[in-house]
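J.: Structure for the following, please:
(one chain, ligands or ions: 1)
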Amino acid sequence: MDLLIRNANLPDGKKGIDIAIEGGRIAATGPALSAQGEREIDASGCLVTPPFVDAHFHMDATLSYGLPRVNQSGTLLEGIALWGELKPHLTQEALIERALQYCDWAVARGLLAIRSHVDICDDRLLAVEALLEVKRRVAPYLDLQLVAFPQDGLLRSPTALANLKRAIAMGVDVVGGIPHFERTMADGAESVRILCEFAAEKGLRVDMHCDESDDPHSRHIETLAAQTHRLGLHGRVAGSHLTSMHSMDNYYVSKLLPLMKESGVAAIANPLINITLQGRHDTYPKRRGMTRVPELMAAGIDVAFGHDCVMDPWYSLGSGDMLEVAHMGLHVAQMTGQQAMRACFAAVTETPARILGLDGYGLAPGCHADLVVLDAGDAVEAIRLRAARRHVVRRGKVVAEAPPAVSRLDLPGRPSQVDFRLAGLATQNR
Ligand code: FE2
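T.: All right, here's what the predicted structure looks like:
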């Protein structure tokens, strides 16, 4: 075997599992495999998981924080205006350099698949060309899926539809949209219809920024679900953000959730961003501005957490750590039960993998040998500690490593180092 991971804990709760890897694929899993590996990793007490997946990101804007200025109001709309100021000054070289740097961060964090929106409202399609180049360059170590995103509105921006079609012809994978940014609710609905019909005609997936506002009457997710159902796009469509659902009338939501389930539309919440951008017009009480994650999950709808932004016009922090995303999502959604916390871990691993349609994802024999050894015993501890990624493996090769996070302590009568893991105790206390 090329690589053998010994004695791992798995996300499903199994313990003491060996994982044998050959030719970039998982060859076998089970307790105490007799095979020998050219390299062996002792994963005793560590969670081994398929890689993190980010279902929602903006790689064309990432690491541009402060260019040309910072967002003073902290609102979505100032962020969009700021991005508009920056766009004419973008160069392909700088875009590629920033994106590649972010991908380095991602790999070091065990994040090996990203769905990134790319703005197609610049007639030069500079960002599209740059991110297609980045996609080619990172392909050996990271799956980058691109969404053609009409940031300035499909109908508001006169060349957006033509540009979107050009971007798809150039190799962009997914059809995007932003109905709540069109001039009227009716225009928003019309944009959803046009985009879904185009996706159906081309056999493509759809992922729209949808109802990213605090307006309780924003209804584009309803239209997206209805169009998905009408066109038979079940399982290929995601609604991103859906923050208006937070503010909607409960009776209306009780009708909306079954419609989303029926049409197989997935939901992508972006907790770090929506907890900071939404509710900005409120005094007190301030709305949390994240979509109804536990209720969507309870209705059987796939829900992923996305990072959305890292150091850009909308968000000044972040480092590509999907455990930080899960941590924030868990808090905002008040998902503190054991099963709920595990669902938050799934929302940054297996669920987004399903939404992206990733091929060969998982730890079963035959899957790609892509995995992360975490310095944590289980998914809950991984979120609690934003655990160190001890080893990140892509196609059977170790591509990133980090030491365990241990602090040295110098206190009289106390141990010489701090162990945040409380090995065994957390389980006993449950
Ligand atoms: Fe977004």
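J.: E295 - that's part of a helix, no?
T.: Yes: counting by DSSP: H, G, I helix; E, B strand; the rest coil, E295 is located in a helix.
J.: give the contact list for it.
T.: By CB atoms under 8 Å, 6 or more residues apart in numbering, the contact set of E295 is 253, 257. The C-beta positions use only the backbone N, C-alpha and C, and glycine is treated the same way.
J.: does H246 sit in a helix or strand, and which one?
T.: Taking DSSP states H and E as the definition, H246 sits inside helix 244-247.
J.: Residues contacting the next helix-or-strand element following that helix, please?
T.: Sequence-wise, the next helix or strand downstream of helix 244-247 (DSSP H and E) is helix 250-263. Residues from elsewhere that reach helix 250-263 (CB under 8 Å, 6+ apart): 221-222, 225-226, 228-229, 233-234, 237, 239, 245, 248, 267, 292, 295-296, 299-301.
J.: same thing with stretch 215-232?
T.: In contact with stretch 215-232 (CB under 8 Å, 6+ apart) are residues 179-180, 185, 188-189, 192-193, 196-197, 199-200, 206, 208, 210-211, 233-234, 236-237, 239, 242, 244-245, 247-249, 256, 259-260, 262-265.
J.: Also stretch 68-78?
T.: Contacts of stretch 68-78 (CB under 8 Å, 6+ apart): 79, 82, 85-86, 89, 212-213, 276-277, 280, 313-314, 316.
J.: Most neighbours of all the residues you listed, which one?
T.: When neighbours are taken as other CB atoms under 10 Å, the top entry among the contacts of stretch 68-78 is E212 (28 neighbours).
J.: Report whether the expected contact of that residue with H180 is present.
T.: Yes: E212 is within contact range of H180, at 5.9 Å (criterion: CB atoms under 8 Å).
J.: which residues are in contact with both of the two?
T.: Common contacts of E212 and H180 (CB under 8 Å, 6+ apart): S244.
J.: and the contacts of stretch 68-78, which two are the farthest apart?
T.: Farthest pair in the contacts of stretch 68-78 (CB to CB) is H89 and S213. Separation: 28.3 Å.
J.: which phi and psi does S218 have?
T.: phi -70, psi 130 (degrees, to the nearest 10).
J.: Could I get the pLDDT score of it?
T.: Looking at S218, its pLDDT is 96.
J.: Please determine how far L47 is located from H117.
T.: Distance, L47 to H117, using CB to CB, to the nearest Å: 30 Å.
J.: V70 should be in a strand, yeah?
T.: No: residue state for V70 (three-state DSSP) corresponds to coil; a strand is not indicated.
J.: Show the pLDDT at it.
T.: 92.
J.: how far away is it from Q278?
T.: Taken as CB to CB, the span from V70 to Q278 is 19 Å.
J.: These two: which is more packed in?
T.: Q278 (25 against 12).
J.: And for the more buried one, nearest residue in space, chain neighbours not counted?
T.: Using CB to CB, 6 or more residues apart in numbering and skipping residues adjacent in sequence, the residue nearest Q278 is G289, 2.2 Å away.
J.: what do you get for D410?
T.: Leaving aside its sequence neighbours, D410 sits nearest to S416 (CB to CB, 6+ apart; 7.7 Å).
J.: any idea how far I168 is from the one you found?
T.: S416 is 59 Å from I168, by CB to CB.
J.: Between these two, point out the one with more neighbours.
T.: Taking other CB under 10 Å, S416 and I168 do not tie; I168 has more neighbours (20 against 8).
J.: Tell me the bridge partners for the spatially most central residue of the chain.
T.: Centroid-nearest residue in the chain, with CA atoms, centre = their mean: D54, separated by 2.3 Å. Counting by DSSP bridges, D54 forms beta bridges with I114.
J.: please renumber so the chain begins at 654
T.: Renumbered: residue one is now 654, and that last one reads D707.
J.: number of nearby residues for the residue nearest to Q931?
T.: Neighbours of G942 (other CB under 10 Å): 24.
J.: Is it in a helix, a strand, or coil?
T.: Of the three states, G942 takes coil under three-state DSSP.
J.: And for Q804?
T.: The three-state assignment at Q804 reads coil, by three-state DSSP.
J.: tell me the phi and psi of it?
T.: phi -50, psi -40.
J.: how many other residues sit next to the closest residue to it other than its chain neighbours?
T.: Excluding its sequence neighbours, the residue lying closest to Q804 (CB to CB, 6+ apart) is D772, at 4.3 Å. Residues lying near D772 (other CB under 10 Å) number 26.
J.: before we move on, the earlier item: the residue nearest to Q931 touches I928, doesn't it?
T.: Yes: the criterion here is CB under 8 Å, and G942 meets it with I928 at 6.5 Å.
J.: before we move on, back to that, select only the buried ones of the contacts of helix 903-916 in ChimeraX?
T.: To isolate the buried members of the contacts of helix 903-916 in ChimeraX, using 16 or more other CB atoms under 10 Å:
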select :874,875,878,879,881,882,886,890,892,898,901,920,945,948,949,952,954
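J.: Can you tell me which of the contacts of helix 903-916 end up in strands?
T.: Using DSSP state E to define strands, the subset of those located there is 890, 892, 920.
J.: which residues sit in contact with A783?
T.: Neighbour list for A783: 713, 745, 748-749, 752 [criterion: CB under 8 Å, 6+ apart].
J.: just how off-centre is stretch 742-760 within its chain?
T.: Here stretch 742-760 is found 18 Å from its chain centre; the criterion is CA atoms, centre = their mean, to the nearest Å.
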